[in-house]
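Participant: structure for the following, please:
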Amino acid sequence: MAVSRRRIDIDEGRAALAAWLAAGVPASGVPRAVTATAVRYSLEEVTARAPGNSVEVRVPPFGVTQCVEGPRHTRGTPPNVIECDAGTWLAMVTGRLSWSDAVASGKVSASGLRADLSELLPL
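Facilitator: Next up is the predicted model:
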């Protein structure tokens, strides 16, 4: 399924994820631009796999997306919000960190009935 507004080239996004993954834990020494590309690409992939507007995923300062089918919000803070830092997000995307461990440790803030990406991660 294609994302209607894909901005990151798929090969470039995969290369950025591979570079982040190759850096080890923690992913130190990865240029900010590579991290930004990896985050934005992976957010686009989540949207492609679970299109919709009921959950907002925030990975500041690099990106935000809306995904998962369900009721669409139109104003203010969405009822289902997931937020984490780039390192946590990419760790979940690549399988280095499970969704449940990230939530349990407080590395992910998830609010709302639909704010659970465990079925989508890792990509």
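Participant: contacting residues around the most centrally placed residue in the chain?
Facilitator: Compute the mean C-alpha point of the chain, and by C-alpha atoms, centre = their mean the closest residue is Leu43, 4.4 Å away. Applying C-beta atoms under 8 Å, 6 or more residues apart in numbering, we find Leu43 in contact with 57, 59, 63-65. For glycine as for every other residue, the C-beta is placed from the backbone atoms N, C-alpha and C.
Participant: for this structure, give me the ranges with low pLDDT.
Facilitator: 1-5, 25-27, 72-76 (pLDDT under 70).
Participant: and the longest helix for it?
Facilitator: helix 32-49 (DSSP state H).
Participant: name the residues of that helix that are buried.
Facilitator: 34-48 (16 or more other C-beta atoms under 10 Å).
Participant: neighbouring contacts of the helix or strand just after that helix?
Facilitator: Next along the chain after helix 32-49, taking DSSP states H and E as the criterion, comes strand 55-59. If you take C-beta under 8 Å, 6+ apart as the criterion, strand 55-59 is touched by 39, 43, 46, 64-68, 70, 78, 80-86, 89, 112, 114-115, 117.
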